[in-house]
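Colleague: quick one: sequence and predicted model below, then my questions.
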Amino acid sequence: MSVPVSQQARGSDGPRRADDVPRGPFSTWGHMRIRATVAAVSGALALSALAVPAAQAEERPAAGVDRPVAGVDLRSGADVFGARSGDAPAARSRAARPVERPVIKKVVVNGGKDIVVGTTSKKKFTVSVTASSPSGVADAYAFLWRGYIDETDSGLVPVGKAADCKVSADPTTSTCTLTIVADPRSGVLAENSLAGTWNVAVAVLADTGSDDDAVWDESHSRVRVQRYSKLTVNASPEPVKKGRAITVTGKLTRANWETCAYRGYTRQPVKLQFRKKGAASYTTVKTVESSSTGTLRTTVKASADGYWRYSFAGTSTTPAVASGGDYLDVK
């Protein structure tokens, strides 16, 4: 069972009560400005995403996302909504009126699919935020984080300064798109333990000219970031006489982000499947467990010409994968 972010405990002093755990900078106060800065920490870039109350920035500093995140570049390092809105005045007016709070309607990360990252190639994906506000939507921001909002293990942030916002037929509603790049060699994914479920933080700014008219949701939704997997197969000997035993070998591997290489995925159930020549689909023959090095090996009797393959259902940290079919000629 997943535990709400606000109730997660951490530290050596034993479990903390839910009301003792910092809820993070995004939900603690009502209207806020969002400040994202980049600082050098031990030779690596550190991500510090701070939310500061508009009128209390100096009086009450917010706890931030301050764990080192190598390779993160927030470009301007200034207020996400203040400096990102180039046509906005430096000091937005704050008239005595009710705060206009935008409504986040939908957030889609990577087209609704898991984010799968290998060992060398950068994985580029988008986050689209659909929101509405009576005055319209001026901007939106989103990033992915894992761990605890006041002490994150890592974060994936947009590569550009501003979201690409498009107004719908309803002028109060817009869909804003941001691009994020997950680079397995940047240090952001420096540990294999980072694979799994990540939180999606989202902010939306109303088009009123005031920084007060914004909404933050530090854990609006969740998305899985997974380690790319591979699976091979080989059926032999070939050709083979009908009724004779054949050996089907293979190997299940997945990306090791710590070494930037593929390593065997051990002790995992993998299905051996067969598709008879001319058939449209595979049927499962048996389940084989991968070895301590990820290898697969089993024997079956050859009954007909067809294709043999291995199929892995996947886990929360590793996507499903199937090998190609290895054709076996049965005499």
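Modeller: Received the coordinates, thanks. Numbering: from 1, shown residues only.

Colleague: use CA for all of it now, contacts and neighbours both
Modeller: Will do.

Colleague: residues contacting stretch 309-322, please?
Modeller: Defining contact as Cα atoms under 8 Å, 6 or more residues apart in numbering, one finds that stretch 309-322 is touched by 116, 195-197, 224-233, 250, 254, 269-274, 323-326.

Colleague: just the endpoints, please. Distance across it?
Modeller: Across stretch 309-322, the terminal residues are separated by 7 Å (Cα to Cα, to the nearest Å).

Colleague: and it, what's its mean pLDDT?
Modeller: What stretch 309-322 shows for mean pLDDT is 99.

Colleague: quick check: buried residues in it?
Modeller: Judged by neighbour count using 16 or more other Cα atoms under 10 Å, the buried positions of stretch 309-322 are 309-312, 314, 317-319, 321-322.

Colleague: nearest to Ala169 among these?
Modeller: Ala169 has its nearest neighbour among the buried residues of stretch 309-322 in Pro319, at 37.7 Å by Cα to Cα.

Colleague: and that closest one, which helix or strand is it part of?
Modeller: Using DSSP states H and E, Pro319 is not contained in any helix or strand.

Colleague: from Ala162, how far out is it?
Modeller: In this view, Pro319 and Ala162 are 32 Å apart by Cα to Cα.

Colleague: and the longest strand along the chain, which strands flank it?
Modeller: Counting residues, the longest strand found in the chain (DSSP state E) is strand 214-227. If you go by DSSP bridges, strand 214-227 pairs up with strand 115-117 (parallel), strand 196-206 (antiparallel).

Colleague: Ala190 - that's part of a helix, no?
Modeller: No - with DSSP: H, G, I helix; E, B strand; the rest coil as the criterion, Ala190 is coil rather than part of a helix.

Colleague: make residue 1 into 149 and carry on from there
Modeller: Understood, numbering begins at 149; the last thing we discussed is Ala338.

Colleague: what is the neighbour count of Lys424?
Modeller: 17 (other Cα atoms under 10 Å).

Colleague: mind listing what the nearest residue to it once chain neighbours are set aside touches?
Modeller: Using Cα to Cα, 6 or more residues apart in numbering and skipping residues adjacent in sequence, the residue nearest Lys424 is Gly454, 4.3 Å away. Residues near Gly454 by Cα under 8 Å, 6+ apart: 422-425, 475-477.

Colleague: mark which of those are buried, thanks.
Modeller: Judged by 16+ other Cα under 10 Å, buried ones among the contacts of Gly454: 422-424, 475-477.

Colleague: okay, the spatially closest residue to Lys271 that is not a sequence neighbour: pLDDT?
Modeller: Among residues not flanking Lys271 along the chain, Ala330 sits closest, at 5.0 Å (Cα to Cα, 6+ apart). Model confidence at Ala330, given as pLDDT, is 98.

Colleague: what of Ala338?
Modeller: For Ala338, the pLDDT comes out at 93.

Colleague: before we move on, what about Leu292?
Modeller: With respect to pLDDT, Leu292 scores 98.

Colleague: for the buried residues of stretch 457-470, give me a markdown table that also has secondary structure and distance to Ser334.
Modeller: Output for these, formatted as a markdown table (DSSP: H, G, I helix; E, B strand; the rest coil; distance: Cα to Cα, whole Å):
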| residue | secondary structure | distance to Ser334 |
| --- | --- | --- |
| Arg457 | strand | 35 |
| Tyr458 | strand | 33 |
| Ser459 | strand | 31 |
| Phe460 | strand | 29 |
| Gly462 | coil | 25 |
| Thr465 | coil | 19 |
| Thr466 | coil | 20 |
| Pro467 | coil | 22 |
| Val469 | strand | 26 |
| Ala470 | strand | 29 |
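
Colleague: what's the farthest-apart pair in those?
Modeller: Arg457 and Thr465 (22.5 Å).

Colleague: could I get the contacting residues of Leu444?
Modeller: So Leu444 contacts 396-400, 436-438 (Cα under 8 Å, 6+ apart).

Colleague: paired strands for the helix or strand hosting it, with orientation please.
Modeller: For Leu444, the host element (DSSP H and E) is strand 443-449. If you go by DSSP bridges, strand 443-449 pairs up with strand 393-404 (antiparallel).

Colleague: buried ones in the partner strand?
Modeller: Neighbour-count burial for strand 393-404, counted by 16+ other Cα under 10 Å, picks out 394, 396-404.

Colleague: for Val285, state which of those residues is nearest.
Modeller: Nearest member of those to Val285, counting by Cα to Cα, is Ala403, at 39.8 Å.

Colleague: any idea how far the nearest residue to that closest one once chain neighbours are set aside lies from Cys313?
Modeller: Once flanking residues are discounted, Ala403 sits nearest to Tyr410: 4.6 Å by Cα to Cα, 6+ apart. Counting by Cα to Cα, the separation of Tyr410 from Cys313 is 39 Å.

Colleague: now do the most centrally placed residue in the chain against Gly335, distance only.
Modeller: Nearest residue to the geometric centre of the chain (Cα atoms, centre = their mean): Val373, 4.0 Å. Taking Cα to Cα as the measure, Val373 falls 15 Å from Gly335.

Colleague: okay, now the unreliable bits of this protein?
Modeller: Applying pLDDT under 70 to the chain picks out residues 149-244.
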